[in-house]
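Undergrad: Pasting the sequence and the predicted coordinates here, then a few questions.
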Amino acid sequence: MSNRTLIRGGLVITAAEETYADVLIEDGRIAALAASGSEAARAWTAERVIDATDKYVIPGGVDAHTHMEFPFGGTASSDTFETGTRAAAWGGTTTIVDFAVQSVGRSLREGLDAYHAKTDGTCAIDYAFHMIVSDVDESSLKEMDGLVGEGVTSFKLFTAYPGVFYSDDGKILRAMQKAATNGALIMMHAENGIAIDVLVQQALARGDTDPRHHGEVRRALLEAEATHRVIQLARVAEAPLYVVHVSAEEAVAELAAARDKGLPVFGETCPQYLFLSTDNLAEPDFEGAKYVCSTPLRPREHQAALWRGLRTDDLQVVSTDHCPFCFTGQKELGRGDFSKIPNGLPGVENRMDLLHQAVVDGRITRRRWIEIACAAPARMFGFYGKKGTIAPGADADVVIYDPAAEQTMSAATHHMNVDYSAYEGKRVRGQVETVLSRGELVLERREFRGRAGHGAFVPRGLTQYVN
Ligand code: URP
Ligand code: ZN
Ligand code: ZN
C-alpha cells in the first residue's frame, strides 16, 4: 500500500521557479505538483496533509562541506554524525556531504570504511562522502578509480597544513591528472601552508599569541597565490576544479579571471565569511578563538566581493564547513598559542536561515537562495535530480519554511553539540517549520520526529557542472 503525503497551498521555490502549487509525495518521492486549487490538485487524497499556506515549500538543503567527528589538532570536532545530522535537520538541511579521511600511510579504502562504520545507523538525514587524500602515491591514485565507482566522486587535497593534510604541487598535479581520466572533481583547500607556517613561527616568537594573529598570518595574498596556483595546475591537468571555503576578495578575483577564460573552475564560500569578520577574531579574553577557522575570517571589506561572486556565479555554492569545537576544553587548547586552536566553526544548523536573511536584506533572490544552498551543491557533486529540487521523481526531501517567523540564534536554543554559537544574539527573519526526508517526517512544526539510522548513504555520480 502506498504512503502518500500532500503539501497544500505553499509557495514552491526551486532554483528555476516560484509557483503556488500543491505537492504530492508517494513512497518517499515527489509524485506530482499541481497549481494550488486546480482541479487536479483538489482531486488528490493522502494519509497525511500538511497545510503550507503562507509558507515556502523548498527543497531540503544540501550542505556539501561538513566535518562530523573530524580529527584535528589532537582532538575531534564535537558533533557526531548523530548529533550533527539531527542539528542539520533542525536547520532545514536534509543531505550533508562529509569528508572521509585517508591517514598518511593508510589506504583510501581504510579511510572510507571507517567513515561508513561511523555513519551506518547513526544519521538522521542522508549523507555522502568526499575523500580527503593525504598520501598521494601509485596505490592511492589507483584507488581513486574504485571510489568513483562506489559513488565517492570528489577528492579534497590541501596546499595548507604541512605535515598533516598537505600535498606538494607534484602530488596535487598527479591527483588532478587522475581526475581528468576518471571524471572525479578535485576540491582544493587553497592557502600557501608552507609560507603561513613561517609567519606563524615569526608571530609566536614576537609574542603574538592571541587568536587574532591566526587571521593575520594566514594572509589573503597567500590564499590568492594558492588559488592561482591550483587553477594553473588544473589547467595543465585538464581537470575541473572546485575551491573550498573561499574567503579573500583576491581569491575570488582569481576564480573570476579563470572563469572569464572559460575554465571549469568553481568556488564555494561559507556563511562565516559572509556574516563574520576579523572583528570577531579580535574579541577579547580569548573569545576570538571561537572564530578560528581556515581559511580565516577576513576584514569585513572582503564580504562585498563574496556577495558579488554569489550574484555573478563566480561562486556557485554556499556550504558551512561545519567543524565545531567546544570553547571549553577544545578551543582552549590554544590559550597562549593561537596555532594550537583547533580550526573550525559550527554552522550546519544556521546556513539556510542566514541565507534567507540575505534574501530579506535584498542581497540575493529567493531562487538564488535555493540555487546556492540546494541545487548547485547537488549538481556540483553529481546528485541533482535526486536531491536539490522539488520535481517529480526527486527524493521527497522537503522543507516547509516560515518566512515571517523571527528567531534569535543562540547556543541556548541550537541543537549542535557545541557550547557556543558563532552567531550568538543574531536576529534573523525566517525559520524552518517542518522537514521531510524521503517523505518521512524529521521535524513537524518544530517537534523532532526523526531517528538515528533513517539517513542513508547517497552514492553520487560525476559532477553535473561539466560534460
Ligand atoms: O577551519 C576549518 N576549515 N576546519 C576544517 C578543516 C578544513 O580545512 O576544511
Ligand atoms: Zn579546508
Ligand atoms: Zn572543511
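TA: Structure received. Ligands and ions are numbered 1, 2, ... in the order given.
Undergrad: Flag every buried residue along the top helix by length along the chain.
TA: Ranked by number of residues, the top helix in the chain under DSSP state H is helix 220-237. If you call a residue buried by 16 or more other Cβ atoms under 10 Å, then helix 220-237 has these buried ones: 220, 222-231, 233-235, 237. Placement of C-beta: from N, CA and C, glycine included.
Undergrad: which helices and strands sit right next to that helix?
TA: helix 169-182, strand 185-189, helix 193-206, strand 241-243, helix 249-260 (3 or more Cβ pairs under 8 Å, 6 or more residues apart in numbering; DSSP states H and E).
Undergrad: Please list the residues of this protein that sit near ligand 1.
TA: Counting by Cβ under 6 Å from any ligand atom, the chain comes close to ligand 1 at 67, 189, 245, 293-294, 321, 323, 343-344.
Undergrad: Give me the nearest residue to whichever residue of the stretch 351-467 of the chain sits closest to ligand 1, chain neighbours excluded.
TA: Going by Cβ to the nearest ligand atom, ligand 1 is nearest to A422 of the stretch 351-467 of the chain, at 11.9 Å. Distances taken as Cβ to Cβ, 6 or more residues apart in numbering place L345 nearest to A422, at 5.1 Å, with adjacent residues excluded.
Undergrad: what about the one you found, how many neighbours?
TA: 26 (other Cβ atoms under 10 Å).
Undergrad: bridging residues for it?
TA: Assessed by DSSP bridges, L345 has beta-bridge partners H322.
Undergrad: dump the residue contacts of it.
TA: 272, 290-291, 293, 320-324, 422 (Cβ atoms under 8 Å, 6 or more residues apart in numbering).
Undergrad: Out of these, the closest to I58 would be?
TA: Distance ranking of the contacts of L345 against I58, using Cβ to Cβ, places T320 first at 17.3 Å.
Undergrad: In terms of pLDDT, where does the residue positioned nearest the centre of the chain sit?
TA: Taking Cα atoms, centre = their mean, the centroid of the chain lies closest to S319, which sits 2.7 Å from it. pLDDT recorded at S319 is 99.
Undergrad: for N467, same thing?
TA: 87.
Undergrad: residue contacts, it?
TA: So N467 contacts nothing (Cβ under 8 Å, 6+ apart).
Undergrad: mind running it again at 10 Å?
TA: P264 (Cβ atoms under 10 Å, 6 or more residues apart in numbering).
Undergrad: before we move on, what about I372?
TA: 15, 268-269, 310-311, 313, 315-319, 351, 355, 358, 364.
Undergrad: Would you list the buried entries among those?
TA: Burial by neighbour count, 16+ other Cβ under 10 Å: within those this picks out 15, 268-269, 310, 315-319, 351, 355, 358, 364.
Undergrad: wait, which of those is closest to G385?
TA: Using Cβ to Cβ, the buried ones among the contacts of I372 come closest to G385 at A15, 12.1 Å.
Undergrad: Isn't that closest one up against W369?
TA: Yes: here A15 lies in contact with W369, judged by Cβ atoms under 10 Å, at a distance of 9.0 Å.
Undergrad: Closest one of the contacts of I372 to A88?
TA: R351 (8.8 Å).
Undergrad: Now do the contacts for that closest one.
TA: So R351 contacts 61, 63, 88, 91-93, 270-271, 318-320, 322, 372-373 (Cβ under 10 Å, 6+ apart).
Undergrad: Can you name the residue of the stretch 101-250 of the chain nearest to ligand 1?
TA: H189 (5.0 Å).
Undergrad: Need the nearest residue in space to that residue, chain neighbours excluded.
TA: Closest to H189 by Cβ to Cβ, 6+ apart is F158, at 4.3 Å.
Undergrad: ok, now K331?
TA: A289 (4.1 Å).
Undergrad: for that neighbour, helix, strand, or coil?
TA: State at A289, reduced to three classes by DSSP: H, G, I helix; E, B strand; the rest coil: helix.
Undergrad: Could you check how many residues crowd around it?
TA: 26.
Undergrad: wait, what's in contact with it?
TA: Contacts of A289 (Cβ under 10 Å, 6+ apart): 210-212, 214, 281, 283, 325, 327, 330-335, 338, 340-342, 420.
Undergrad: Do you know the pLDDT at it?
TA: In this prediction A289 is given a pLDDT of 98.
Undergrad: Tell me how far it lies from D321.
TA: In this view, A289 and D321 are 17 Å apart by Cβ to Cβ, to the nearest Å.
Undergrad: on that earlier part again, so who does the residue nearest to H189 touch?
TA: F158 neighbours (Cβ under 10 Å, 6+ apart): 132-134, 164-167, 172, 187-191, 193, 226, 244, 294.
Undergrad: G84: helix or strand, and which one exactly?
TA: helix 81-90 (DSSP states H and E).
Undergrad: Going by neighbour count, list what's buried in the next helix or strand after that helix.
TA: The helix or strand immediately downstream of helix 81-90 is strand 93-101, counting by DSSP H and E. Using 16+ other Cβ under 10 Å as the test for burial, strand 93-101 gives 93-101.
Undergrad: Counting by contacts, list what the following helix or strand past strand 93-101 packs against.
TA: Next helix or strand after strand 93-101 toward the C-terminus (DSSP H and E): helix 108-119. Based on contacts counted as 3 or more Cβ pairs under 10 Å, 6 or more residues apart in numbering; DSSP states H and E, the elements that helix 108-119 packs against are helix 81-90, strand 93-101, strand 126-132, helix 138-149.
Undergrad: right, so of the ones you listed, which gets closest to V432?
TA: Comparing the helices and strands packed on helix 108-119 under Cβ to Cβ, the one sitting nearest is helix 81-90, at 6.8 Å.
Undergrad: Got a quick PyMOL command for the buried subset of the residues of the chain next to ligand 1?
TA: A single PyMOL command is used to select the members of those judged buried by 16+ other Cβ under 10 Å:
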select buried, resi 67+189+245+293+294+321+323+343+344
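Undergrad: For whichever residue of the stretch 301-450 of the chain sits closest to ligand 1, which non-adjacent residue is closest in space?
TA: As assessed by Cβ to the nearest ligand atom, ligand 1 sits closest to N343 within the stretch 301-450 of the chain, at 3.2 Å. Nearest residue to N343 in three dimensions, chain neighbours excluded: S294, at 4.8 Å (Cβ to Cβ, 6+ apart).
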